[in-house]
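Asks: give me coordinates for this.
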Amino acid sequence: MKITGSQVVVECLIEQGVDTIFGYPGGNILNIYDALYKNSDRINHILTAHEQAAAHAADGYARSTGKVGVCMATSGPGATNLVTGIATAYMDSSPIVAITCNVANNLLGKDTFQEIDITGVTIPITKHNFLVRDVKDLATVLREAFEIARSGRPGPVLVDILKDVTAAEVEFEPLPKAADKGKLLVKNHDNFKRVMDVNVPSDAELKAAAELINSAEKPVIYAGGGIKISGAEKELLEFAEKGGIPVCESLMARDCFPSNHPLCTWMVGMHGTKASNMAITESDLVIALGSRFSDRVIGDPSKFAQKAKVLHIDIDPAEINKNIPTDDSLIGDLKSILKRFIPLIKKDKHTSWNQQIAEWKKEVPSTYNVTKKDSINPKALCEIVNKIAGDDTFITTEVGQHQMWTAQFYPFSKPRTFVTSGGLGTMGFGTGAAIGIQVANPKARVVHIAGDGSFRMNCNELATIQHYGLPIVIV
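Replies: Residues are numbered from 1 along each chain as shown. As a prediction, the model looks like this:
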């Protein structure tokens, strides 16, 4: 069937399972907005007050669901307003597709009104980006964009479409679906095979790593955000319990392991607990799972875990030996590796080691007994919010001291319930993210914990929250 480029965009989005888009219109993207309006019964559009919030909302949508989030903006300042949100997603490996529209082909490169080289601007902060100058390429590019965004180590992809491409007509061929799984059969996989391929460790590699763990007397798991991305929370719990191995968490993994579990030492690093930091310091083996060894965790690399060997398991080979030298490593999908790994781990309690860690936890506890006289104490606030809101509540934050208090003291127990900006540290992230989470999870409770400075960055999104009647609680 022959349809316009704008309709191709809509059809490809629906094809990819997109039910919601976050964006803000402008002159060069109006053709796509016309197509969205005509298909409003098939795809929902959330109009934010600012493009930055649209990107954060798409990010929050993605982090809370595991699906690709989508945001849209027009050319020039509309596109550049997405940049902070795209960079935030990039630093935290969140899968979003940002769609922008640039000036027409005959005006490109002539300093036209609201023209910007947004693909050039976003090269350092995207997994990949595309400039679509021919409507015949549009469907293929959009399909590839989604595959790239969600495959391997996820991340943002930008698709910049020229205005005349959105108006041009083209023969559109819908993708067939596999009868057994209902999944789309994407053509031309070789175009992005390098991105999609994930290494699979050999049995010998797994056995060698298991022997390293089984011989350790004071092992500790350093869980990173890769656990959440891989959906390996269940496997992490089984792994830790079978080996009797304590779990230290990065900021991005605070909701990957139950806070009330006896093996949980909570967050590690410069804002971490005494138990976590002492466990790393005194351990003889650090098992890093999906972690990038952030500077806020390791401090001086030469002094990090000096008594320990390091086993690093990650999907991204670029992370191995980048910040901390490793003694052994496994590259691949965490969930798949742990499933194969667990049978090789011997059952152990590491009694004396865990008793020592329990003592450190008692010395400086993360939990708190709330009393009326100190009810505004940060520890007490986190306890109160949790008791009122419940364990299934999504918690978002901005960036600052309130973020660290939340990470330090909030007792998370369910996966994907803590959404925050870890890598870029974006003040103003949380309000937009909360919008995306609430839209993606309409029956869930969303609580946004904000600092006064960060809240002012995007407080105009209160209008968005009110307009759509979103029951977000802001503390």
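Asks: how about the helices in the stretch 101-250 of the chain?
Replies: For the stretch 101-250 of the chain, helices defined by DSSP state H, counting those that start in this stretch occupy the ranges 118-122, 135-150, 163-167, 193-196, 203-214, 226-230, 233-243.
Asks: give me whichever of the ones you listed is most buried.
Replies: Per-residue neighbour counts averaged over each of these give the maximum for helix 226-230, namely a mean of 26 (mean count of other CB atoms under 10 Å). From N, CA and C alone the C-beta is placed, and that goes for glycine too.
Asks: and the closest residue to Pro317 other than its chain neighbours, how far from Pro219?
Replies: Spatial nearest neighbour of Pro317, chain neighbours left out: Ile331 (5.0 Å); criterion: CB to CB, 6 or more residues apart in numbering. Summarising the geometry, the distance separating Ile331 from Pro219, computed by CB to CB, to the nearest Å, is 20 Å.
Asks: likewise Lys136?
Replies: In this view, Lys136 and Pro219 are 55 Å apart by CB to CB.
Asks: make JSON lines out of the helices of the stretch 101-250 of the chain and add distance to Asn106.
Replies: Shown next, in JSON lines, are those (distance: least, CB to CB, whole Å):
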{"stretch": "helix 118-122", "distance to Asn106": "18"}
{"stretch": "helix 135-150", "distance to Asn106": "15"}
{"stretch": "helix 163-167", "distance to Asn106": "8"}
{"stretch": "helix 193-196", "distance to Asn106": "33"}
{"stretch": "helix 203-214", "distance to Asn106": "55"}
{"stretch": "helix 226-230", "distance to Asn106": "42"}
{"stretch": "helix 233-243", "distance to Asn106": "52"}
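Asks: I'd like to know which of those is closest to Asp316.
Replies: Distances from Asp316 to each of the helices of the stretch 101-250 of the chain were compared using CB to CB; the minimum, 8.3 Å, belongs to helix 226-230.
Asks: and that closest one, what other elements does it pack with?
Replies: The contact analysis (3 or more CB pairs under 8 Å, 6 or more residues apart in numbering; DSSP states H and E) places helix 226-230 against helix 334-341.
Asks: neighbouring contacts of the strand or helix carrying Phe22?
Replies: Secondary structure here is read from DSSP states H and E; on that basis Phe22 sits in strand 20-23. The set of residues external to strand 20-23 that reach it, using CB atoms under 8 Å, 6 or more residues apart in numbering, is 13, 36, 43-48, 51, 53-55, 57-58, 61, 69-73, 435-436, 439-440.
Asks: just stretch 445-463 next, same as before
Replies: Defining contact as CB under 8 Å, 6+ apart, one finds that stretch 445-463 is touched by 48-50, 52-53, 56, 385, 389-390, 392-403, 406, 427-432, 434-435, 437-438, 470-475.
Asks: how close does the residue lying closest to Tyr410 once chain neighbours are set aside sit to Phe409?
Replies: By the measure of CB to CB, 6+ apart, the closest residue to Tyr410 outside its immediate chain neighbours is Cys382, 4.3 Å from it. With distances defined as CB to CB, the gap from Cys382 to Phe409 amounts to 4 Å.
Asks: likewise Ser366?
Replies: For Ser366, the distance to Phe409 under the criterion CB to CB works out to 6 Å.
Asks: so between the two, which is more surrounded?
Replies: A side-by-side neighbour count of Ser366 and Phe409, using other CB atoms under 10 Å, places Phe409 first with 24 against 21.
Asks: measure the more buried one to Thr122 for me?
Replies: 36 Å.
Asks: ok, now how distant is Lys38 from Ile3?
Replies: Using CB to CB, Lys38 is found at 11 Å from Ile3.
Asks: more neighbours: which of these two?
Replies: Neighbour tally, Lys38 and Ile3, criterion other CB under 10 Å: the higher count belongs to Ile3, 15 against 12.
Asks: part of a strand, is the more buried one?
Replies: Yes: judged by DSSP: H, G, I helix; E, B strand; the rest coil, Ile3 forms part of a strand.
Asks: that one contacts Ala168, correct?
Replies: No: using CB atoms under 8 Å, Ile3 is not in contact with Ala168; the gap is 10.2 Å.
Asks: in this structure, which residue is closest to the centre?
Replies: The geometric centre of the chain, computed from its C-alpha atoms, lies nearest to Ser94 (CA atoms, centre = their mean), at 3.5 Å.
Asks: now do the SS call for it.
Replies: Using three-state DSSP, the secondary structure recorded for Ser94 is coil.
Asks: and the contacts of strand 20-23, which of them are in helices?
Replies: When these are checked against helices (DSSP state H), the matches are 13, 36, 51, 53-55, 57-58, 61, 435-436, 439-440.
Asks: dump those to TSV, plus neighbour count and pLDDT.
Replies: As requested, these are exported to TSV (neighbours: other CB atoms under 10 Å; pLDDT from 0 to 100):
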residue	neighbour count	pLDDT
Leu13	25	98
Leu36	23	98
Glu51	28	99
Ala53	30	99
Ala54	32	99
Ala55	34	99
Ala57	33	99
Ala58	36	99
Tyr61	30	99
Ile435	30	99
Gly436	32	99
Val439	20	99
Ala440	22	98
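Asks: dump those into CSV; add distance to Lys339 as well.
Replies: Below are these laid out as CSV (distance: CB to CB, whole Å):
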residue, distance to Lys339
Leu13, 33
Leu36, 41
Glu51, 41
Ala53, 38
Ala54, 37
Ala55, 34
Ala57, 33
Ala58, 30
Tyr61, 28
Ile435, 35
Gly436, 30
Val439, 33
Ala440, 27
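Asks: out of those residues, the closest to Met267 would be?
Replies: Gly436 (24.2 Å).
Asks: how near is Ile46 to Val83?
Replies: Counting by CB to CB, the separation of Ile46 from Val83 is 20 Å.
Asks: surely the residue nearest to Tyr410 meets Phe418?
Replies: No: contact status for Cys382 versus Phe418: not in contact, 11.6 Å apart, counting by CB under 8 Å.
Asks: for Ile331 and Pro219, indicate the residue with more neighbours.
Replies: For Ile331 and Pro219, the more surrounded residue by other CB under 10 Å is Pro219, and the numbers stand at 27 against 19.
Asks: residue contacts, the more buried one?
Replies: Contact partners of Pro219, counting by CB under 8 Å, 6+ apart, are Ile213, Gly243, Ile245, Ser283, Asp284, Leu285, Val286, Ile287, His350, Trp353.
Asks: what's the answer for Arg254, then?
Replies: Trp266, Met267, Ala407, Tyr410, Phe412, Phe418.
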